[in-house]
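> based on what follows, work out the 3D shape:
(2 chains)
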2 protein chains.
Amino acid sequence: MSLADQVLDGDIRAAARMMRDIDDGRPHAVEELKRLYPHTGKAYIIGITGPPGAGKSTLVDQLTASFRKKGKRVGVVAIDPTSPFTGGAILGDRIRMNRHASDEGVFIRSLATRGALGGLSRSTSDVGLVMDAMGMEVIIIETVGVGQDEVDIVKTAHTTCVVMVPGLGDDIQAIKAGILEIGDVFVVNKSDRDGADRTARELTTMLEMRNAPEGSWHPRVIKTEAQRGPGMDELSGEILAHRDFLFTSGQLAGFVRERNQRHFLDILRDGLYRHAMEFMGRDGSLEKVVDAMGDNTLDPYSAAEAVIARMQGGAAGR
Amino acid sequence: MSLADQVLDGDIRAAARMMRDIDDGRPHAVEELKRLYPHTGKAYIIGITGPPGAGKSTLVDQLTASFRKKGKRVGVVAIDPTSPFTGGAILGDRIRMNRHASDEGVFIRSLATRGALGGLSRSTSDVGLVMDAMGMEVIIIETVGVGQDEVDIVKTAHTTCVVMVPGLGDDIQAIKAGILEIGDVFVVNKSDRDGADRTARELTTMLEMRNAPEGSWHPRVIKTEAQRGPGMDELSGEILAHRDFLFTSGQLAGFVRERNQRHFLDILRDGLYRHAMEFMGRDGSLEKVVDAMGDNTLDPYSAAEAVIARMQGGAAGR
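The predicted model follows:
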């Protein structure tokens, strides 16, 4: 029985192994993903993003609990900051949400922000597919919302919640504006802190000032205290309201199409690059290019053009 | 006279135009960069990274002033958070460091975090090359230090300063660990705040706990109040000490080699992807792939493999 068949059969350990193989970039993982693909597309995906210190993990924990109460199976993909040297995730699966550890209806997976090739966005999609095929009905993706990578990841979610906290300094204004466009629901967490009302009011004003196209969703701002509970019911309610909007407005099809295109292009980009690296490895041309750049006898633009031209002739044996 | 020749001639407006062309991805910009390339490699590059709200802009402003006092020409590349929809930078050049606005020895350029293709790292390198060719002796790159993109950018700097502030919440521990490996100098800014000594002590302990290889640089932790001035002299001194170390230890050659390789691979990756997009645009295969994914009749992995195989046959007319 293939790994993919075991995953479809509900084998949790097979799923964990498959995700590890995806992470490690093992070639057979792609073959298994091909097999899973026809059985995916059923999960509802929620993205949670915001700056460090906004309390996203606690919020995800509470959301997980609330979906479990409704009988939904929940997958969580947590994108953790990585040490760029060791490649390991700083916060492991183990210290996350251990209260769900014995619950078979919850599957948690941490991904590290290591892949330099925009590979994180692809890993997230691939791991999401496995959870989808496992029968997880809700998948929550949690990521620190600063870089473009994170924005791309969040775009794969049906509903994106942007989490802010009162008083995180001046630069926060810039970030707020940057993620204003990607949020379907805005959360002011730690709302017992000073300035929570002001932050919520500012966000609401900024949202109202946008020129949203006719028939588009109007994001609301919800105040929560994820640590203690207040606001969580309102938040789940708002997520479900956005879900209903997507389905009844007919905007779901366009969203799915865009997400599929992005996923395909991620895979294509990775594949092309891997191909080029193998190609250059075979004839030692990477070394030669870098040597010549060091001598200032070759510029990297001309070098890249030459490699691409040679690759295109490659299959014909030129 | 080509744009490149005008830049080499010291024409500031030509340099600004060239950077805009790079940003806009205009094809002739690459030809101009090829011409500049032999005249680059002289600038000393300093990276400044850290979480939002750490006071990086003020620090960069102060560092710029201190290098100006020493008669150095200074280029600044500021990576600003972007609105993913409008594509514009949130903080523009204009509101940055206007006290240097009339100083011809300072050239400031903001880059927006928009390029979804890891293109930011490449834009930064390209803009840095133009500043280098203009005769800027010190180039400061400032970026929010959270995503992998930002880590990659900072790796292009000779000396990387990681800026922290006291008390930014729990997740900061994770970020600290993540960027511990990339810093050559650590800065605890806003050190008049409560907890500054503790943050500095924690950082020092974490740095001492690492198993640094024999003969490697030992990063120090410097406390600053960039807003008012204290600690800034110590910081510039530490940056110069690291620079001396790079030159005298013989580690500079390896660093430059690595940076050149990364720059070349960035350009190659972009080129391959652009090529693939043109290729698929010609025969409408992107549309067909996304349609078939929507029907679940084609998985994106097989689709990408097919496109790559066809591209390789492309030059032979297959």
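> and stretch A:308-318, what's its mean pLDDT?
Mean pLDDT, stretch A:308-318: 65.
> ok, now stretch A:12-19?
Averaged across stretch A:12-19, pLDDT comes to 92.
> same check on stretch A:25-36?
Stretch A:25-36 shows a mean pLDDT of 90 in the predicted model.
> is chain B contacted by it?
Yes: Stretch A:25-36 is in contact with chain B by C-beta under 8 Å from any C-beta of the partner chain, via A:30, A:33-34. Every C-beta, even on glycine, is put in place using the N, C-alpha and C of the backbone.
> can you put those residues in a markdown table and add distance to B:G41, secondary structure and neighbour count?
Supplementary listing: the residues of stretch A:25-36 next to chain B in a markdown table, determined by distance: C-beta to C-beta, whole Å; DSSP: H, G, I helix; E, B strand; the rest coil; neighbours: other C-beta atoms under 10 Å in any protein chain shown:
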| residue | distance to B:G41 | secondary structure | neighbour count |
| --- | --- | --- | --- |
| A:V30 | 40 | helix | 19 |
| A:L33 | 43 | helix | 25 |
| A:K34 | 46 | helix | 16 |
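> how about the contacts made by A:R73?
A:105-107, A:135-138 (C-beta atoms under 8 Å, 6 or more residues apart in numbering or on different chains).
> likewise A:P166?
Counting by C-beta under 8 Å, 6+ apart, A:P166 touches A:188, A:190-191, A:193-196, A:198-199.
> just the endpoints, please. Distance across stretch A:36-49?
Stretch A:36-49 has an end-to-end distance of 28 Å (criterion: C-alpha to C-alpha, to the nearest Å).
> now A:G10. Its backbone dihedrals?
phi 90, psi 20 (degrees, to the nearest 10).
> to clarify, my last question referred to A:K223.
Here is the backbone geometry of A:K223 (degrees, to the nearest 10): phi -90, psi 130.
> identify the residues contacting it.
A:187-188, A:191, A:196, A:200, A:230-231.
> which residues touch stretch A:271-284?
A:117, A:285-286, A:289, A:307-308, A:310-311, A:314, B:268-269, B:272-273, B:276, B:304-305, B:308.
> drop anything exposed from these.
Buried residues within those, counting neighbours by 16 or more other C-beta atoms under 10 Å in any protein chain shown: A:117, A:285-286, A:289, A:307-308, A:311, A:314, B:268-269, B:272-273, B:276, B:304-305, B:308.
> how deep is the closest residue to A:R122 other than its chain neighbours tucked in, by neighbour count?
Nearest residue to A:R122 in three dimensions, chain neighbours excluded: A:D266, at 4.1 Å (C-beta to C-beta, 6 or more residues apart in numbering or on different chains). A:D266: 25 surrounding residues under other C-beta atoms under 10 Å in any protein chain shown.
> element containing A:D266, please.
Taking DSSP states H and E as the criterion, the element that holds A:D266 is helix A:252-283.
> after that helix, which helix or strand is next?
On the C-terminal side of helix A:252-283, the nearest following helix or strand under DSSP H and E is helix A:285-294.
> quick check: what element follows that next one along the chain?
In the C-terminal direction, the helix or strand that comes right after helix A:285-294 (DSSP H and E) is helix A:300-314.
> gap between A:D295 and B:E31?
Noted for A:D295: a distance of 21 Å to B:E31, by C-beta to C-beta, to the nearest Å.
> next, the angle from the helix holding A:D266 to helix B:252-283.
If you take axes from the mean of the first three to the mean of the last three C-alpha atoms, to 10 degrees, helix A:252-283 sits at 130 degrees to helix B:252-283.
> phi and psi next, for A:R26.
Here A:R26 shows phi and psi, under degrees, to the nearest 10, equal to phi -70, psi 130.
> how many neighbouring residues does it have?
When neighbours are counted by other C-beta under 10 Å, A:R26 registers 13.
> and what of A:D152?
Applying the criterion other C-beta under 10 Å, we find 21 residues in the vicinity of A:D152.
> ok, now the one 4 residues further on?
When neighbours are defined as other C-beta under 10 Å, A:T156 has 22 of them.
> I figured it hits A:E258, correct?
No: under the contact definition of C-beta atoms under 8 Å, A:T156 does not touch A:E258, with a separation of 9.5 Å.
> give me the number of residues near A:A253?
Neighbour number of A:A253 under other C-beta under 10 Å is 10.
> thinking again about what came up before, who has more neighbours out of A:D295 and B:E31?
Under the neighbour definition other C-beta under 10 Å, A:D295 and B:E31 were set side by side, and B:E31 has more, 14 against 8.
> centre of the chain versus the helix or strand the more buried one falls within, how much separation?
B:E31 is located in helix B:27-36, with elements delineated by DSSP H and E. Averaging C-alpha positions (C-alpha atoms, centre = their mean, to the nearest Å) puts helix B:27-36 20 Å from its chain's average.
> what packs against that helix?
For helix B:27-36, the helices and strands in contact under the criterion 3 or more C-beta pairs under 8 Å, 6 or more residues apart in numbering or on different chains; DSSP states H and E are helix A:300-314, helix B:3-8, helix B:12-23, helix B:119-134.
> give the buried residues for the longest one.
The neighbour-count criterion (16+ other C-beta under 10 Å) identifies B:119-134 as the buried residues of helix B:119-134.
> so what are the sheet partners of the next helix or strand after that helix and their directions?
Counting by DSSP H and E, the element after helix B:119-134 in chain order, helix or strand, is strand B:138-144. Within its sheet, strand B:138-144 is paired with strand B:44-50 (parallel), strand B:74-80 (parallel), according to DSSP bridges.
> and the contacts of the helix or strand following the first one?
The first helix or strand that comes after strand B:44-50 along the chain, using DSSP H and E, is helix B:56-69. Residues external to helix B:56-69 that are found in contact with it (C-beta under 8 Å, 6+ apart): B:46, B:48-50, B:74, B:76, B:78, B:91, B:96-97, B:99-100, B:103, B:105-106, B:138, B:140, B:142, B:144, B:161, B:163, B:187, B:189, B:224, B:226-227, B:229, B:232-233, B:235-236, B:239.
> show me how far helix B:56-69 is from its chain's centre.
Taking C-alpha atoms, centre = their mean, the mean C-alpha location of helix B:56-69 is offset from the chain mean by 17 Å.
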